[in-house]
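In: here's my sequence, what's the structure:
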Amino acid sequence: MTSTLAPAAVARPLLRLLVVAAMTLPMLILYAVGVLGPSLQRDLGIGLAAVGLLPMSCFGLAALLSLGAGQVVVRLGSQRALALLFASVALAYALLAGLPGLGGVIAAIAVCGLAQALANPVTNLLIAEQVPPAERAGVVGLKQSGVQLAALLAGLLLPTLSLWLGWRGALAGLALPALLLAAAALATLPPATAAGQPWRWLAPNRPLRLLMGVQLCAGIGLSAFVTYLPTFAAGRGMAPQSAGALLAAFGLAGMISRIVLTPLAARSRAEARLLFGLLLAAALAVLLLRQMAAGESWRPWTAAVGMGLSAVATNAIAMGLLLRSPAFGPTAIASGQLSAAFFGGFALGPLGFGAIAAAAGGFAAAWQALTAVLLAGAALAAWLARQRPEQP
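Out: Numbers count the residues shown, from 1 in each chain. As a prediction, this is how the structure comes out:
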């Protein structure tokens, strides 16, 4: 989509900082639940299945809101939409410091759903407005790497901070930088210079529906993996600090894959075929993790890095394809619909995985189910490749 507005240019470093932060802060809550899972279970008195309710609350809301988030972003303009995103993140993390019990934590985390719904539409709109077409794939890869930056920060910082401040204090400390970023968005981004466009519902077309199916499967796989990886590894004898560091390794690998693969995929015009291969590789990573024995360390590390290098890149590549090809429809609206599918997967993944693990009395059946979901996503990517949406 080419914006109908004519916003003033924003300095490149500032633009990149804002779009990366817009992807990082809302998604950090997912990795925080994974890293702090044992502490949450102990302090809230909940089991494995209940842990899945926490990410479901925010990603379920994000999935619903994403259906109309693109229209909201278009009407508000990128400046006000980005400020709203950061303000809602600040509110969510501040509420985590004070709302008591499982219900309070679920309600606080749910507020992040608004920010997650806005993240892709507003950052994609900013890129469409501010970045030359030849540079967009690289900027998309950079901004999508912010999701994995969240995993890196969560894995490296939250275990230690929670020892000093408790898990509530560690998360509440994120409210201040979110507020500062909201102020920066209002102060530096140009306001919308045209009236908001009229509201209209555009149903996703066939290529977009297939891409949404791919992202639904990827979201299920990623959310379940990062939510339960530290708990699974700790149950096999890995120290809590090391189990948390698995997410840091996952995050670093994911940042690299998104930054490197997104522009490469765009130049090759083979995004859908690459999605197929990456989801196959992700399924293999889950199968490898399932075989972990007590005291074994190489399998979880290899699986964490493998998942980061494979499944993580799929969302960035999908967003890059959507931004480059007109086959999927208007950028902001299609971005919101694609995000709805991805976040729907993030809501379903931990809840379904935890329910299967609890019912089966262990993780083996849950890992098998997760492998099947990722293989289904690969099949949908192969189908999408036959539609040839990669052509300019």
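In: now the phi/psi pair for Ala327, please.
Out: phi -70, psi -20 (degrees, to the nearest 10).
In: how many neighbours does it have?
Out: 19 (other CB atoms under 10 Å). In short, each C-beta sits where N, CA and C put it, glycine included.
In: correct me if wrong: it contacts Arg209.
Out: No. The criterion here is CB atoms under 8 Å, and Ala327 misses it with Arg209 at 11.8 Å.
In: ok, then the element right after the least confident helix or strand in the chain by mean pLDDT?
Out: Every helix and strand of the chain was ranked by mean pLDDT, DSSP states H and E. The lowest is helix 48-51, at a mean of 69. Remark: after helix 48-51, the chain's next helix or strand is helix 53-76, criterion DSSP states H and E.
In: other SSEs contacting that next one?
Out: With contacts taken as 3 or more CB pairs under 8 Å, 6 or more residues apart in numbering; DSSP states H and E, helix 53-76 sits against helix 12-35, helix 78-98, helix 101-130, helix 206-235, helix 331-360.
In: for the third one, packing partners?
Out: Yep, that's helix 101-130 we're talking about. helix 12-35, helix 37-44, helix 53-76, helix 78-98, helix 136-172, helix 311-324, helix 331-360.
In: mean confidence for it?
Out: Across helix 101-130, pLDDT averages out at 86.
In: all numbers from here: first residue = 463
Out: In the new count, where the first residue is 463, that last one comes out as helix 563-592.
In: what angle sits between that helix and helix 773-786?
Out: 40 degrees (axes from the mean of the first three to the mean of the last three CA atoms, to 10 degrees).
In: next one: the first one
Out: Interaxial angle, helix 474-497 versus helix 773-786 (the same axes, to 10 degrees): 140 degrees.
In: tilt between helix 474-497 and helix 499-506?
Out: Using the same axes, to 10 degrees: helix 474-497 against helix 499-506 is 60 degrees.
In: what's the answer for the second one, then?
Out: Here helix 540-560 runs at 50 degrees with respect to helix 499-506, directions being taken by the same axes, to 10 degrees.
In: name the residues of helix 540-560 that come out as buried.
Out: 540-559 (16 or more other CB atoms under 10 Å).
In: helices or strands next to that helix in the packing?
Out: Looks like helix 540-560 contacts helix 474-497, helix 515-538, helix 563-592, helix 598-634, helix 637-650 (3+ CB pairs under 8 Å, 6+ apart).
In: Ala727: which of those is closest?
Out: helix 598-634 (7.6 Å; CB to CB).
In: buried ones in that closest one?
Out: Result for helix 598-634 [16+ other CB under 10 Å]: buried residues 598-621, 623-624, 629-630, 632-634.
In: next, the angle helix 773-786 makes with it.
Out: Going by the same axes, to 10 degrees, helix 598-634 makes 130 degrees with helix 773-786.
In: now helix 598-634, how far from the centre of its chain.
Out: 12 Å (CA atoms, centre = their mean, to the nearest Å).
In: what's the angle between it and helix 668-697?
Out: Using the same axes, to 10 degrees: helix 598-634 against helix 668-697 is 40 degrees.
In: average pLDDT for stretch 691-703?
Out: 82.
In: please apply the same query to stretch 670-679.
Out: pLDDT averaged over stretch 670-679 gives 92.
In: check stretch 715-735 too.
Out: 80.
In: centre of the chain to it, how far?
Out: Distance, centroid of stretch 715-735 to centroid of chain: 16 Å (CA atoms, centre = their mean).
In: over to stretch 573-590?
Out: 11 Å.
In: mind saving the C-alpha coords of that stretch as PDB?
Out: Output in PDB follows, covering the C-alpha atoms of stretch 573-590 (Å, rounded to 0.1, in the frame of the first residue of the first chain):
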ATOM      1  CA  VAL A 573      -3.800  -5.100  28.200                       C
ATOM      2  CA  CYS A 574      -0.600  -6.000  26.200                       C
ATOM      3  CA  GLY A 575      -3.000  -7.400  23.600                       C
ATOM      4  CA  LEU A 576      -3.900  -3.900  22.400                       C
ATOM      5  CA  ALA A 577      -0.200  -3.200  21.800                       C
ATOM      6  CA  GLN A 578       0.400  -6.500  20.000                       C
ATOM      7  CA  ALA A 579      -2.600  -5.900  17.700                       C
ATOM      8  CA  LEU A 580      -1.300  -2.500  16.700                       C
ATOM      9  CA  ALA A 581       2.400  -3.500  16.400                       C
ATOM     10  CA  ASN A 582       2.500  -4.900  12.800                       C
ATOM     11  CA  PRO A 583       0.000  -2.500  11.200                       C
ATOM     12  CA  VAL A 584       1.600   0.600  12.600                       C
ATOM     13  CA  THR A 585       5.200  -0.400  11.900                       C
ATOM     14  CA  ASN A 586       4.400  -1.600   8.400                       C
ATOM     15  CA  LEU A 587       2.600   1.700   7.700                       C
ATOM     16  CA  LEU A 588       5.600   3.600   9.000                       C
ATOM     17  CA  ILE A 589       7.900   1.700   6.700                       C
ATOM     18  CA  ALA A 590       5.500   2.200   3.800                       C
END
